[in-house]
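Asks: What shape does this take:
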Amino acid sequence: MCLSNMDPELARHLFFEGATLVLLGVPEGTEFGIDCNSWEAGPRFRGVKMVPPGVHFIHYSVKRTGGSRGETGPRTGVFMHLEQKDIRLFNWNPQDEVLVPAPEEEAEKLRLQLTSLDPFLGPYPFDSLRHWVSLSSHIKKEVTARLQPVCGNIYAFPEVLPTEEMTHTEDRARHNLPRYDLECQSYKEGMARLPLMKQKAGTEIRFSQLPDKMYPENASPAEVTLHSMDLSYALGLVALSSPAELQFSFVCFVLGNVYEGFEQWKNLLNLLCRAETFALQHPDMYSEVISILYHQLAQVPTDFFIDIVSQDNFLTSTLQVLFSFLCSPSTDKTLRKKAVRFRAHLTKKFQWDFEEDPLDCAPIVVQLPEGWDATETETS
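Replies: Modelled structure (predicted):
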């Protein structure tokens, strides 16, 4: 709903009942966004008003000095949960180019000045609210508190630091690394001279640690094979947070430009789509997963998931496995009907072929526990 078309009384009600974000000092030209919307900040920009209660994703990129129009730096984002009539005050830190939250008491002092701030606050675009809710319906306050970095900000390119300083020649000699002052003889040698780097502590998104092994400890060879084909055991270790984290990681990637979010999304989806036993036991959860995927895939171009090198679409083969059991007679009738409709929708929109035999029908290479001999499996 555009503000110009909104009833004046309704607009006044939303102004005082909705949440308000006051953002002071944001440089002109900064690309600023909330949820699925983004704009270029002008000289009068001081924040956003009439924000509906709930979880929102704020994101921004600073315009580079001397760059051409539209050239911005890496994106920074933050999830925040807003209550009705909430007021949040942020001040711009020019050194780190981030918005820093002010103490609550400072924000509360602005409540009496809201009317005077009104001309400098942009209205939340209500016509896009449904779109945002469809991408974030499972992301609750406690989810953001658990997954968001300790520092509070989600960086597209977080700061990295060397694991060890090794500024002196003797330091590098101790680790058997080449000296800096010697000429490189090859590309490999040049790469070897680069220090090992790690992400700055506190900036890591705290994604759930997905299991390295798909089977329990002390599993027999037959059990290893079973759990490698049906990932229900592995999914069970992270299942409670799967729908919310599937949305959280997708938003981090699509709106926050965080590639790590895409990797987590893919890995979670792989677990969900290859856990037949779990799916049959939890039809309501898988109905939600289908709804989540429906809205997520509406946000991407048709060729987004195709690897430009292999031309292999990982999503087609992964969903193909999912449909192989969700569309079978043994599945809950309501879930089966929804899965069939979803498969037809993807076939029509993306021209994906789900009729070929899934890649899983090929021989499976099972990684055996350490110390096991392959002959054990053959004779079991």
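
Asks: And the pLDDT for the nearest residue to Ser61 once chain neighbours are set aside?
Replies: Spatially, and ignoring its direct neighbours in sequence, Ser61 is nearest to Thr72 (3.8 Å; Cβ to Cβ, 6 or more residues apart in numbering). Backbone N, C-alpha and C define where each C-beta goes, glycine included. We have a pLDDT of 84 for Thr72.

Asks: list the contacts for Thr72?
Replies: Contact analysis of Thr72 by Cβ atoms under 8 Å, 6 or more residues apart in numbering lists 30-31, 61-64.

Asks: Check Ala298 too.
Replies: Applying Cβ under 8 Å, 6+ apart, no residues contact Ala298.

Asks: Name the spans of the stretch 251-380 of the chain whose pLDDT lies under the cut-off.
Replies: 306-312, 356-380 (pLDDT under 70).

Asks: Do a quick rundown of the helices in it.
Replies: Counting by DSSP state H, counting those that start in this stretch, one finds helices in the stretch 251-380 of the chain at the ranges 259-273, 276-281, 283-297, 314-326, 333-350, 374-379.

Asks: Turn those helices into a markdown table, including mean neighbour count and distance to Leu24.
Replies: Below are those laid out as a markdown table (neighbours: other Cβ atoms under 10 Å; distance: least, Cβ to Cβ, whole Å):
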| stretch | mean neighbour count | distance to Leu24 |
| --- | --- | --- |
| helix 259-273 | 19 | 29 |
| helix 276-281 | 18 | 49 |
| helix 283-297 | 18 | 34 |
| helix 314-326 | 20 | 43 |
| helix 333-350 | 15 | 44 |
| helix 374-379 | 10 | 65 |
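
Asks: Can you say which of the ones you listed is nearest to Met197?
Replies: The minimum distance between Met197 and the helices of the stretch 251-380 of the chain falls on helix 259-273, with 14.9 Å, by Cβ to Cβ.

Asks: Check which helices and strands that closest one is in contact with.
Replies: Secondary-structure packing of helix 259-273 (3 or more Cβ pairs under 8 Å, 6 or more residues apart in numbering; DSSP states H and E): helix 232-236, helix 242-254, helix 283-297, helix 314-326.

Asks: could I get the helices of the stretch 251-380 of the chain as a markdown table with distance to Cys252?
Replies: What follows is the helices of the stretch 251-380 of the chain, written out as a markdown table (distance: least, Cβ to Cβ, whole Å):
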| stretch | distance to Cys252 |
| --- | --- |
| helix 259-273 | 3 |
| helix 276-281 | 25 |
| helix 283-297 | 12 |
| helix 314-326 | 18 |
| helix 333-350 | 23 |
| helix 374-379 | 39 |
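
Asks: For the residue nearest to Ser61, list each beta-bridge partner.
Replies: On the basis of DSSP bridges, Thr72 is bridged to Lys63.

Asks: before we move on, what about Leu89?
Replies: Counting by DSSP bridges, Leu89 is bridged to Val22.

Asks: dump the residue contacts of it.
Replies: 22, 24, 101-102, 106-107, 110.

Asks: make it 6 Å
Replies: For Leu89, the contact set (Cβ atoms under 6 Å, 6 or more residues apart in numbering) comprises 22, 102, 106-107.

Asks: and of the helices and strands packed on helix 259-273, who's closest to Thr277?
Replies: Proximity to Thr277 (Cβ to Cβ) singles out helix 232-236 among those, at 4.1 Å.

Asks: wait, what's in contact with Leu210?
Replies: The contact partners of Leu210, by Cβ under 6 Å, 6+ apart, come to Asn267.

Asks: Repeat the analysis, applying 10 Å as the threshold.
Replies: 234-235, 237-238, 264, 267-268, 270-271 (Cβ atoms under 10 Å, 6 or more residues apart in numbering).

Asks: Which of the helices or strands spans it?
Replies: Using DSSP states H and E, Leu210 sits within no helix or strand.

Asks: got a pLDDT number for it?
Replies: Leu210 carries a pLDDT value of 90.

Asks: I'd like to know how far it sits from Met229.
Replies: Note on Leu210: its distance to Met229, by Cβ to Cβ, to the nearest Å, is 18 Å.

Asks: that older thread, out of the contacts of Thr72, which end up buried?
Replies: With neighbours counted by 16 or more other Cβ atoms under 10 Å, those contain buried members at 30-31, 61-63.
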